[in-house]
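# Quick one, structure for this:
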Amino acid sequence: SLLEDSMPIVQNSDATSNTLNSGSSPSKSGSIFAPLTPNKLRWLLCVVSAWTLLFVLVSTGTVEQHERAVKTIAFDAAPSVIQAFNIKAGLQRIDNDMLVKLLSDEIAEDAGYAVEDVYKQQSKIAENLVGAARNITYGESERLPIQAIQTNLILYMMNVQRIFDAEIDKPRDKDALIADYLQSKKILSEKLLPACDQLNKANTSMLEGIYQKEKSSCNLFRGLVAVLGFTLMCFLLYVQFFLSWKFHRRINPAMLLATIALAVFLHHLYTSLLESSADLKIAKEDAYDSVISLMSARSSAYSALGDQTRALFNPKNASSDLADYARDIKEVASFDKGHGYAETIAKAQEQVDAGKKISLQGFDGFLAQELNNIRFLGEPRAALTALGHFGAYTDFEFTLNKLLADNDRKSAIKASLGFAPHQRMYSFGRFDDGVEQTLKINMEHWHESAADSLHILHGLVLKIQILCTLIVLFAAAGILPRIDEYFQCGTPD
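Okay, the predicted model is just below:
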């Protein structure tokens, strides 16, 4: 630059000498012989401004994309999935309650609790249905199943009520009761439960797709933000060194402030994105996935309970119902040969006591998925309690088969509907309580982690815009006065 900026001197060395001696400034004309130092400073200011703008666009886009992913996963799709599970579970409980009422009437036992639970579940279904309708995000894929649930739920509950009212007004024979029940069961099996599964699938596919996309792209864009920020910092340092060299000053305060502010904020931005991603991972993989496993286990368990009760109510179709029961039990928990409930629970407790991550061989099903994904305090105890009581519930099958083999149908019905420690509903109720407790633990961590992930990002876009505006202003404050100084003081290149 010394040679280039001295090119005018070659034309008239005497004139140039007189100009420097007199203290007048170098030419400000736009000719190709204009001094290069001011031009270079102008170009440096333009480069810093353009790179700052690029940094703003990329970092803002990264934050907004991550924010949208968190909102979609935690606040749009996931609640609708859970509402679909709750609706399905409520319908399954109503089905079993209706069977309990019909079996209780057969042996002249009171089943007021079952009728009461029907209306309780109906209210919960309506509440979850309203929540799902308010949270429609993905158009027809959600609206159609919600509409199908709403329409068929009315028909289903009318059939349920008609069965209850008919028993009060005029008791009917068993075949008529079975025919009425099967009509209700057809609406449940062919209309309501498939609609719940469709609503679940619509939101689950969207949630999983967005999460996988976010998981694969977050590291890339976070790294890109770091590279752009570091490159901008290098530009600022170069300007600082260039000004120090050309104008014989150790520090340019404005450029120093811009560099320090960028370094501090870049660290804050990178760690914020990293922490938000970590919280989202906890919410999705540690908490939400366990919630889905637990709700799936509860749904299959309710289905198994209904299958078993239905086989008792309608012996003519018992073989088909018991085959469905066996399938549903395996979905909840199944074991390879040589493994069982007691051995699996003991091994899991041993691993928990040793502070190890639970890893169980020869064990499959939704409860296995939950146990292998345990992450939170109090979760192992609640999950193992649920597994133990589910094992006790499955053991009741032997008691039931023995009573039926002895042709003691009345005792079989009483044992199936009773809540005493040796009866079926005692162990199933404890299993349900264990699942509910485990769900509560995971739901709390899910909501907390999702809220933390979103809170970390709050205001980050505005901070990026303010910081980058200040960087451009500081750069201008550091460069423009030096250009004026160059011309005013006649600083030679």
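# The stretch 1-150 of the chain: helices as residue ranges?
2-5, 7-11, 13-22, 36-71, 78-106, 112-134, 140-169 (DSSP state H, counting those that start in this stretch).
# of those, which approaches N407 most closely?
helix 78-106 (15.1 Å; C-beta to C-beta). (Each C-beta comes from the backbone N, C-alpha and C, glycine too.)
# what's the neighbour count on W51?
Other residues within reach of W51, judged by other C-beta atoms under 10 Å, total 19.
# so who does it touch?
Counting by C-beta atoms under 8 Å, 6 or more residues apart in numbering, W51 touches 228, 231-232, 235.
# Scan these and report the most crowded one.
L232 (22 neighbours).
# That one - nearest residue in space that isn't next to it in sequence?
Spatial nearest neighbour of L232, excluding adjacent residues (C-beta to C-beta, 6 or more residues apart in numbering): W51 at 5.1 Å.
# Same check on S277?
Per C-beta to C-beta, 6+ apart, closest to S277 is C218, 5.1 Å.
# Would you list the phi and psi of the one you found?
Backbone torsions for C218, taken as degrees, to the nearest 10, come to phi -60, psi -40.
# if you compare the helices of the stretch 1-150 of the chain, which one is most tucked away?
helix 78-106 (a mean of 23; mean count of other C-beta atoms under 10 Å).
# could you say what helices and strands that helix packs with?
helix 112-134, helix 140-169, helix 174-187, helix 193-247, helix 289-313, helix 409-417 (3 or more C-beta pairs under 8 Å, 6 or more residues apart in numbering; DSSP states H and E).
# between it and helix 289-313, what angle do the directions make?
20 degrees (axes from the mean of the first three to the mean of the last three C-alpha atoms, to 10 degrees).
# relative to helix 112-134, how tilted is helix 78-106?
Using the same axes, to 10 degrees: helix 78-106 against helix 112-134 is 160 degrees.
# Quick one: closest of the helices and strands packed on helix 78-106 to H267.
helix 193-247 (9.2 Å).
# I'd like to know which elements the closest one is packed against.
helix 36-71, helix 78-106, helix 140-169, helix 253-281, helix 460-489.
# Mean pLDDT for the helices and strands packed on helix 78-106 - can I get that in JSON lines?
Below are the helices and strands packed on helix 78-106 laid out as JSON lines (pLDDT from 0 to 100):
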{"stretch": "helix 112-134", "mean pLDDT": "92"}
{"stretch": "helix 140-169", "mean pLDDT": "87"}
{"stretch": "helix 174-187", "mean pLDDT": "89"}
{"stretch": "helix 193-247", "mean pLDDT": "90"}
{"stretch": "helix 289-313", "mean pLDDT": "96"}
{"stretch": "helix 409-417", "mean pLDDT": "93"}
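# can you put these in TSV and add distance to H66?
Below are these laid out as TSV (distance: least, C-beta to C-beta, whole Å):
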stretch	distance to H66
helix 112-134	25
helix 140-169	24
helix 174-187	44
helix 193-247	6
helix 289-313	20
helix 409-417	52
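# The ones you listed: which one's closest to I464?
Closest approach to I464 among these is made by helix 193-247 (9.5 Å; C-beta to C-beta).
# dump the residue contacts of the nearest residue to L312 once chain neighbours are set aside.
Nearest residue to L312 in three dimensions, chain neighbours excluded: S416, at 5.9 Å (C-beta to C-beta, 6+ apart). S416 makes contact with 103, 308-309, 312, 396, 400, 423-425, according to C-beta under 8 Å, 6+ apart.
# and which of these is nearest A283?
Nearest to A283 among the contacts of S416, with distances taken as C-beta to C-beta, is M425, at 34.6 Å.
# residues in contact with that closest one?
416-419.
# distance of it from D432?
10 Å (C-beta to C-beta, to the nearest Å).
# M157 against Q122, yeah?
Yes - assessed by C-beta atoms under 8 Å, M157 is found in contact with Q122 at 6.2 Å.
# How many neighbouring residues does N135 have?
N135, neighbours per other C-beta under 10 Å, totals 18.
# and the nearest residue to it once chain neighbours are set aside, what does it touch?
Using C-beta to C-beta, 6+ apart and skipping residues adjacent in sequence, the residue nearest N135 is S80, 5.3 Å away. S80 makes contact with 132, 135, 137, 142, 199, 202-203, according to C-beta under 8 Å, 6+ apart.
# again, only this time at 7 Å
Shown in contact with S80 (C-beta atoms under 7 Å, 6 or more residues apart in numbering): 132, 135, 142, 199, 203.
# what two of those residues have the greatest distance between them?
N135 and L199, at 10.6 Å, using C-beta to C-beta across the contacts of S80.
# can you count the residues close to D395?
Applying other C-beta under 10 Å, we find 12 residues neighbouring D395.
# The one 10 residues further on now?
The criterion is other C-beta under 10 Å. On that basis, A405 has 9 neighbouring residues.
# Kindly report the same for S290.
Neighbour tally, S290, other C-beta under 10 Å: 27.
# so it touches E370, yeah?
Yes - using C-beta atoms under 7 Å as the test, S290 is close enough to E370 to be in contact (5.4 Å).
# What pLDDT does the model give R172?
At R172 the predicted local distance difference test score is 66.
# Distance to Y341 added to the helices of the stretch 1-150 of the chain, as a markdown table?
Listed next are the helices of the stretch 1-150 of the chain as a markdown table, based on distance: least, C-beta to C-beta, whole Å:
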| stretch | distance to Y341 |
| --- | --- |
| helix 2-5 | 86 |
| helix 7-11 | 91 |
| helix 13-22 | 97 |
| helix 36-71 | 39 |
| helix 78-106 | 23 |
| helix 112-134 | 28 |
| helix 140-169 | 35 |
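# Nearest to S296, out of the ones you listed?
Across the helices of the stretch 1-150 of the chain, closest to S296 is helix 78-106 (C-beta to C-beta), at 7.6 Å.
# got the angle for the closest one vs helix 193-247?
Using the same axes, to 10 degrees: helix 78-106 against helix 193-247 is 160 degrees.
# Give me the pLDDT for the nearest residue in space to K124 that is not next to it in sequence.
Distance criterion C-beta to C-beta, 6+ apart; nearest residue to K124, sequence neighbours excluded, is G90 at 5.2 Å. G90 carries a pLDDT value of 96.
# now swap in S27 and tell me
Reading off the model, S27 has pLDDT 45.
# go on, the one 4 residues further on?
Note on S31: pLDDT of 39.
# same check, this time on G418
For G418, the model assigns a pLDDT of 92.
# any idea which element the residue nearest to it when sequence neighbours are not counted lies in?
Distance criterion C-beta to C-beta, 6+ apart; nearest residue to G418, sequence neighbours excluded, is M425 at 6.2 Å. For M425, the host element (DSSP states H and E) is helix 424-457.
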